[in-house]
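>>> return a 3D structure for these sequence lines:
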Amino acid sequence: MAVKVRLRRTGSNKNPFYRIVATDERFSTSGRFLENLGWYDPKKKKGPKFQLDLARVAYWKGCGAIVSDTVRSLLRKVKPEAAVPAPAPAAPVEMPSAQG
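Alright, predicted model coming up:
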């Protein structure tokens with residue numbers, strides 16, 4: 001199963017509103033999804049145009065999810081200090097050798 005982080009349109013005619021979701025790439029763009037990660041309102045004049053749960057985006061990227069071009073551009077707009085780094089993999093632990 002290939003997971004993608006992409007936009008899902010939910011707005012009415014000529015009034016687009018998008019949810020940023022993690023979904024299986026086989027699902028339609030207006031169909032099922034695995035997790036809602038935020039929203040994007042391109043027509044909004046004042047205030048923030050989008051909101052993302054950066055920790056969950058980092059989790060899905062760590063699991064191998066592919067991020068769409070539009071979501072990638074939204075991630076670039078987030079201030080670097082607000083970005084949550086992906087969790088570092090655990091260091092391998094060496095087992096003591098059994099000497100007899």
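>>> pLDDT on whichever strand or helix holds Asn36, on average?
Taking DSSP states H and E as the criterion, Asn36 maps to strand 35-40. Strand 35-40 comes out with an average pLDDT of 93.
>>> in it, what counts as buried?
37-40 (16 or more other CB atoms under 10 Å). Placement of C-beta: from N, CA and C, glycine included.
>>> partners of it in the sheet?
In the sheet, strand 35-40 lines up against strand 18-24 (antiparallel), strand 50-52 (antiparallel) (DSSP bridges).
>>> so which of those strands gets nearest Phe33?
Evaluated with CB to CB, the strands paired with strand 35-40 place strand 18-24 nearest to Phe33, the distance being 3.9 Å.
>>> so what's the gap between the closest one and the chain middle?
8 Å (CA atoms, centre = their mean, to the nearest Å).
>>> just the residues contacting that strand, thanks.
With contact meaning CB atoms under 8 Å, 6 or more residues apart in numbering, strand 18-24 is reached by 1-11, 31-42, 50, 52, 56, 60, 65, 71, 74.
>>> checking the spatially most central residue of the chain next. Helix, strand or coil?
The residue lying closest to the centre of the chain (CA atoms, centre = their mean) is Val57, at 3.2 Å. Here Val57 is recorded as helix under DSSP: H, G, I helix; E, B strand; the rest coil.
>>> show me the contacts for Thr10.
17-19, 30.
>>> that one and Ile20, how far apart?
According to CB to CB, to the nearest Å, Thr10 and Ile20 sit 11 Å apart.
>>> just Val5 next, same as before
Distance from Val5 to Ile20, by CB to CB: 7 Å.
>>> of those two, who's got more company?
Ile20 (27 against 24; other CB atoms under 10 Å).
>>> and that one, bridged to which residues?
Leu7, Gly38.
>>> so which bits of stretch 12-20 are buried?
17-20.
>>> just the closest of the residues you listed to Val78, please.
Distances from Val78 to the buried residues of stretch 12-20, taken by CB to CB, are shortest for Ile20, at 12.0 Å.
>>> roughly how far apart are that closest one and Lys46?
21 Å.
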